[in-house]
Every structure is written in C-alpha cells, then in structure tokens.
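Asks: sequence below, structure please.
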Amino acid sequence: MTVSSSTNKVSYSGNGSLTTFAYSFKIFDQDDLTVILRAADGTETTQTITTHYTVSGVGEASGGNVVFGSAPASGVTVVIIREQPLTQGLDLVPNDPFPAQSLEEALDKVVFMTQKHEEELSRAIKASRTNTLTGSEFTISATDRANKLFSFDSSGNLSIAQELGIFRGDWAASTSYNVRDIVKDTSTNNIFLVNTAHTSSGSQPLTTNANSAKYDLIVDAASATTSATNAAASATTATTKASEAATSATTATTKASEAATSAASAAASYDSFDDRYLGAKSSDPSTDNDGNALITGALFFHTGDGEFKVWNGSAFITITVAATNQANINTVAGISSNVTTVAGISSNVTTVAGISSNVTTVANDGTDIGTVASGISNVNTVAGAISNVNTVAGISANISTVAGISANVTTVAGANSNITTVATNISGVNSFAERYRVGSSDPTSSLDEGDLAYNSSSNLLKYYNGSAWVGISPGIADVASDTTPQLGGNLDMNGNDIVTTSNADLDLAPNGTGRVVVKGNTNQGSIVLNCENNSHGITIQSAPHSASATYTVKLPNALGTSNASAFVTADANGVTTFDNGTIEESTTVSSSSNAATLNLRDGNVFEHTLTENVTYTFSNPASSGKVSSFVLKIKQDASGSGYTVTFPGTVDFVGGTAPTLTATANAIDTFVIFTTDGGTIYNLLVAGQDIK
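Replies: Purely as a prediction, here's the structure:
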C-alpha cells in the first residue's frame, strides 16, 4: 500500500461511558500501539494491552479500534500513538521471486518509523531554523547537574546553572529546609541560601549555629548595618556607645545560648548514664530512673541479695561465673548433703577401698553373711574375747582331747585373721546387717532407701525404694530362654549383624496393620541390597525431607505392565506396556551469544522462544543402536523480528534443504528429530509450521 497520511497519533476526550476509540492508521501488530490516559492535572498513565484494552484492525490500511474494559473517566484525554519497532525483518534471497508485498510492508514500516520520529521531534525543544547554537552539548556529570537548571551562558549556548530556590521567610528551628531555600536571619537581617536539605535546630545567628555549614550567605545585611552604625558613630559619640552596648548585649546573648547548649549536652550525657546504671535498689526495678522502659544492659546493685544484676532485655540476671562453671556449681549445691555425709565418713570410705576384695567376697557370700548378721551378738562376743580365743588356740593339744568340738575350734583358729578383720570393722558389719537382711517376711523397721532383703517364703530378693519393697526379677541366661522377649529401649547392633543359620529366612512380621518402617536419621531412610560378595549393592532410598513426599509405591500386578502408583517393569522379552497415557516434562531452552544447547538428557520436548538468531548444538544422545528422539517447538518473539536458526551439520533434512522458519510475530514451527547411531546423523521431520 501507499502511505498517503502522516497521521500516527489520535486523541479523544473520555466521558465516563465511551469504551471504543478509533485509530485511522495501519499497524502490523497489536503491540505497535501505545495507549496513554492523561488526567486533568497532567498525570499520564500508560495502559497495558489485554489488561486495560484490546485492539482490532491489525493489518488494515484504514486502522481499527481500541476497546477499553472500563470507560475512561470524564475529563481524561485518551491518546493513541503508533510506536513502530525500530527493526527490519525482511531478508531478500538472491534469485528468489521478487516479494513485492513483503518489500512494500518493509518500506511502509520505514515510513512509520520516520513518522514516529517526526511526532517525537515535534514535541522537542529546539532552535528555529534561522537560529544557531554553536554549543548544544554539556559535559557536567549527573551528580554535578542534579537539582540545577538549564540556562544559556554569555554566548547564548546551553549551560547548567544553579537555581536560587524558594524564599521561606524568617528562619525558625525544627523546620525542614530543602536545597536552594532562602531564609532570613532575623537576628542579623542576613539572607542565606540553604545548600543541604536538613531540619533546623539551635538558634540564631546562623553564622554560629551548629548547622552553619549548611547555609551560604547571599546578602550580608549585618555588614551593611555595621557600616551604617559606623557612619552614625562619626556623627555622634552617644550613638556609638549605644551601638557598643547593643553589641555587648548581643555577645552576652550568644554566650548565654552557648552555655545553655553546653548545659543541655551535659544533662543529656548524665541522663544517658543514669539510664544505664540505676544505682542501689532493694528490689528489681521495672523502669529506669526516669520511669521509662529499661534498656538492654542496664545495671543495678541489689542491696537485699548483695548481688550485681544486669537487664538482658526480658529479666534481671545475676552477674556470675561462666554458664558451664555455674552448672557444675549448681550440681554440687544440689547434692551438698551427700558431700557432707561422705566427708564425715571419709575414714570408712578409705577402709572399704583397702578391703575391696573382702567386700567382694562378702557380696558373693550374702547368705552366709546373713547368717552372721543374725548371730552378730555371738560374733561380737568372740571379738570381745579374742585373747581367750588365742589362748585356746595355743593349747589346742589339750582342746583336741575334747573330741566333740575339735573340728569347730580348728575352724575358728583358721579364720582368726578374718575374725580380727570383722572385729576391726564391726561398725561396717553392723551397717551391712542393717542394709541386707534375710527373713520369712519383708522387714518393717530400720528401713532406708536402697536396703536389700531376701524373703525366704517367696524365695525372692527385694530392694526398698523408699516406700515399699520391690522384687528383683531374675535375669535369663540367653535370649532363647525368653519365649516372649520385649525391648525396653532401642536395640543397638554394636557393630554386629542379625544373621540366620542353616539357610533360614529372616522374617519381619508386623502385627495387623503394622508396617516395617526404615526411619531416616540425618539422611533419608535407605535399604541396600548387596551382591553375594557384599562388594556391590543397590540402594532403595526415600525422598528427602524438603520434598514433603508422602505416597505409596506398589509392585505392578504383572511383569511388563504399568499400574497406578506402581513401579514400571519389563516382561521376559524386555518389553514394557503402559496401560494409560504418559506425561513428559517440557524443557524450556534459552540462548546466549547466539547459541543454545539441547541436552537430550533433560527431556523429550524442547520449547524455545527466539530472542536472537541462534545456532543449535545437540548433546548426550543415546548410544549407537538405541534411539534418541525429541520434539523441538520454535516460536518467534512478539516483535516480529523474524529470527533464524542454524541446525548442527549432523542433521539431515527432507529433500536435503533445511526448512525456513516462519518470520511473523508469535509464529510457531514444530520439528521431530531423532538419531539411531549415537548422534552421528540426526533426521529432522517438519511436524508443522506457522502454527497459531
């Protein structure tokens, strides 16, 4: 077509009900239009296609319509502008038939681009055709030209100048001033320009204010006043004295202000310290000395506890030793009575340590000792008459004549050293007699926690738990002796295996709906099936915790057939049958520096939206004798740039010629590609082109 109109922008006034607005120029794509709503205050809002409006008439010479979902409000200006992309998608092939329509469309697009530039230039500030700017460039950086104005220098050329700003009147404290604001110092009548945005503080004059560096002097009224004062002084001495007095008063005022500032600073410093050290208190305070919330790290001395405490953000804690040492101290404090008891019987402890073998012997002869304990009075008698016993031992020949008791006397003489030991440690024997007793009934007096007693009626050894006698069950010689074994805690293999003998099976038989569960511990639960030499193995492992996977996987109903939620297997011929459909992942491809790689391990379907001309590489095909096949879906981007692709040299095409991609915007071409020789040759079939 010919381009007979230079119109590429139209505008309308919204009325709150009209939703359709016409444009009278041709566009090649709906994205070639920019739609803007301009409010009465000049605010401009660019609308989004499909979100705010739709476009009809794409490709029509007479144009079409922009249809809004919601009518623009009354007083809003609707502006529709053609924004032709600055690209050239026509590719002329030598010796091909002359594509008149394509060439004409390309020329139309060039004219549309020119009209776009003309529309933008008509809104630009520029010199008239009879004017000349010898210097229209500037080199000042963005930082240096920030918050400044365009102006013209003495030669009439472009320059960057400082703006004076807004007169804010008399200076006042606690006021937010902006850069270039102008203020008056009422104490000196001087005029200042603000050079740094800030909130004012302190007092006048601004030349001695803490923020004096943030003001630039413009009008030195103070100097002018001084000059006038000096002139008046020449006329009259009285006026001079009055001026000097006023100056002294001003100085005094300034010093007073400085003193007040210093006093305020000192007060602030003391208040800060007063908030951090609260002094001596008889109880934990809930606020600081000013009644404000406590700050973390606040300290005070507790006069009642004699402790120094610190606020940790939620409670006061006593400043003490390190946490690990404090734990040990607390442990000892908790068993202080036991420590005292041990200290009081240290000699007994030493004695027991020295006769540990005898104690072991006593423990092994509990029944005999029980007998000794029941006849302890006789033992005590023997111990008390030990010298007589020794005398008897010395006249054993005479005693031998007493045939009825010779054997007993001989036994006593042979155990003389043991009897001496018992006599020496009679308190320990008495103590043991109190802690281990034998009788036909459970003891009812002199009971201490940990006491032992053998009940001869029930033939049961018992211990006293502090409130009752509890039977001590006998152990078993081996696990086989227990016909109903139960674990009282976790079973630790301790580096050993559970094995069977004589080729017996190892059965795990949970009761009812119970299951065999392999739990995870740091890593996922795993089952390893080893080879006969235990040198190789196959691991069945659960999904990681991050996958949040909870499902059931079953064995298939028959070999070579897939079932829902079941493993997939092959039959005796290596063939797998899928009862239902299969779902494959679509892999998105992206390019960089005009190159993209299709890794055949990533999937069987690849989708690629072109953003540039691309050369493909295929990687990781199946080994020779097996098949790698995949679908490649290529889509042009929305700009209609007509990007091209180059396939690897190992690809064979139908007829020996590579297919030409559809060049229009959003067009889709689909290809099926496969190889049977490990990627030496790929065969490419066209599944469809220009799919929309």
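
Asks: C-alpha from now on. contacts and neighbour counts both.
Replies: Fine.

Asks: in stretch 679-691, which residues are buried?
Replies: Across stretch 679-691, burial judged by 16 or more other C-alpha atoms under 10 Å covers 679, 682-686, 689-690.

Asks: closest one of those residues to residue 511?
Replies: Proximity of those to residue 511 was ranked by C-alpha to C-alpha; the top entry is residue 679 with 55.3 Å.

Asks: that older thread, list just the nearest of the buried residues of stretch 679-691 to residue 668.
Replies: Proximity of the buried residues of stretch 679-691 to residue 668 (C-alpha to C-alpha) peaks at residue 690, which lies at 5.3 Å.

Asks: about what we covered before: where is pLDDT lowest across the buried residues of stretch 679-691?
Replies: When these are sorted by pLDDT, the bottom entry is residue 690 at 90.

Asks: quick one, phi psi at that one?
Replies: In terms of degrees, to the nearest 10, the main-chain angles of residue 690 are phi 50, psi 50.

Asks: contacts only, for it.
Replies: Residues in contact with residue 690, defined by C-alpha atoms under 8 Å, 6 or more residues apart in numbering, are 662, 667-669.

Asks: with residue 651 instead?
Replies: So residue 651 contacts 681-684 (C-alpha under 8 Å, 6+ apart).

Asks: okay, now the unreliable bits of the stretch 501-650 of the chain?
Replies: Along the stretch 501-650 of the chain, no part satisfies pLDDT under 70.

Asks: tally of neighbours for residue 29?
Replies: 19 (other C-alpha atoms under 10 Å).

Asks: isn't it right next to residue 56, touching?
Replies: No - counting by C-alpha atoms under 8 Å, residue 56 is not a contact partner of residue 29; they are 9.9 Å apart.

Asks: quick one: the residue nearest to residue 537 when sequence neighbours are not counted from residue 536, how far?
Replies: Nearest residue to residue 537 in three dimensions, chain neighbours excluded: residue 530, at 3.9 Å (C-alpha to C-alpha, 6 or more residues apart in numbering). Here the distance between residue 530 and residue 536 works out to 6 Å (C-alpha to C-alpha, to the nearest Å).

Asks: neighbours around residue 508, how many?
Replies: 8.

Asks: for it, give me its contacts.
Replies: Contacts of residue 508 by C-alpha under 8 Å, 6+ apart are residue 516.

Asks: I'd like to know how far it sits from residue 517.
Replies: The gap separating residue 508 from residue 517 is 11 Å, by C-alpha to C-alpha.

Asks: just residue 298 next, same as before
Replies: 54 Å.

Asks: likewise residue 463?
Replies: Computed as C-alpha to C-alpha, the residue 463 to residue 517 distance reads 39 Å.

Asks: mind checking which of those two has more residues around it?
Replies: residue 463 (20 against 8).

Asks: the nearest residue to the more buried one once chain neighbours are set aside bridge partners, please.
Replies: Distance criterion C-alpha to C-alpha, 6+ apart; nearest residue to residue 463, sequence neighbours excluded, is residue 452 at 4.6 Å. Taking DSSP bridges as the rule, residue 452 bridges to residue 436, residue 463.

Asks: could you check the pLDDT of residue 452?
Replies: Reported pLDDT for residue 452: 88.

Asks: enumerate every residue touching it.
Replies: 435-437, 461-464.

Asks: and the spatially most central residue of the chain, how far from residue 524?
Replies: Centroid-nearest residue in the chain: residue 546, 14.0 Å away (criterion: C-alpha atoms, centre = their mean). Residue 546 sits 11 Å away from residue 524, taking C-alpha to C-alpha as the criterion.

Asks: next: residue 653.
Replies: Distance, residue 653 to residue 524, using C-alpha to C-alpha: 49 Å.

Asks: and what of residue 564?
Replies: Residue 564 is 24 Å from residue 524, by C-alpha to C-alpha.

Asks: residue 587 too?
Replies: 29 Å.

Asks: cool, residue 607 as well?
Replies: Look at residue 607 and residue 524: by C-alpha to C-alpha, they are 35 Å apart.

Asks: tell me the contacts of residue 597?
Replies: 589, 591, 616-619.

Asks: need the three-state assignment for it.
Replies: strand (DSSP: H, G, I helix; E, B strand; the rest coil).

Asks: which residues touch the residue nearest to residue 537?
Replies: So residue 530 contacts 536-538 (C-alpha under 8 Å, 6+ apart).

Asks: now, the residues you listed that are in strands?
Replies: The strands, defined by DSSP state E, take in 537-538 from those.

Asks: tell me the one of the contacts of residue 530 nearest residue 215?
Replies: The shortest approach to residue 215 among those belongs to residue 538, at 79.9 Å (C-alpha to C-alpha).

Asks: which residues sit in contact with the closest one?
Replies: 528-530.

Asks: who is it paired with across the strands?
Replies: According to DSSP bridges, beta-bridge pairing links residue 538 with residue 529.

Asks: measure it to residue 527 for me?
Replies: 8 Å.

Asks: then residue 74?
Replies: From residue 74 to residue 527 the distance is 73 Å (C-alpha to C-alpha).

Asks: same question for residue 679.
Replies: Distance of residue 679 to residue 527, computed by C-alpha to C-alpha: 37 Å.

Asks: what of residue 16?
Replies: Counting by C-alpha to C-alpha, the gap from residue 16 to residue 527 is 71 Å.

Asks: do the same with residue 570
Replies: Counting by C-alpha to C-alpha, the gap from residue 570 to residue 527 is 22 Å.

Asks: for residue 177, same thing?
Replies: For residue 177 relative to residue 527 (C-alpha to C-alpha), the value is 73 Å.

Asks: next one: residue 286
Replies: Counting by C-alpha to C-alpha, the gap from residue 286 to residue 527 is 59 Å.

Asks: okay, residue 177 and residue 527: which has more neighbours?
Replies: Shown here are residue 177 and residue 527; by other C-alpha under 10 Å, residue 177 has more neighbours (18 against 12).

Asks: OK, contacts around the more buried one?
Replies: Taking C-alpha under 8 Å, 6+ apart, one finds 194, 197-200 in contact with residue 177.

Asks: that one pairs with what?
Replies: Bridge pairing for residue 177 (DSSP bridges) gives the partners residue 198.
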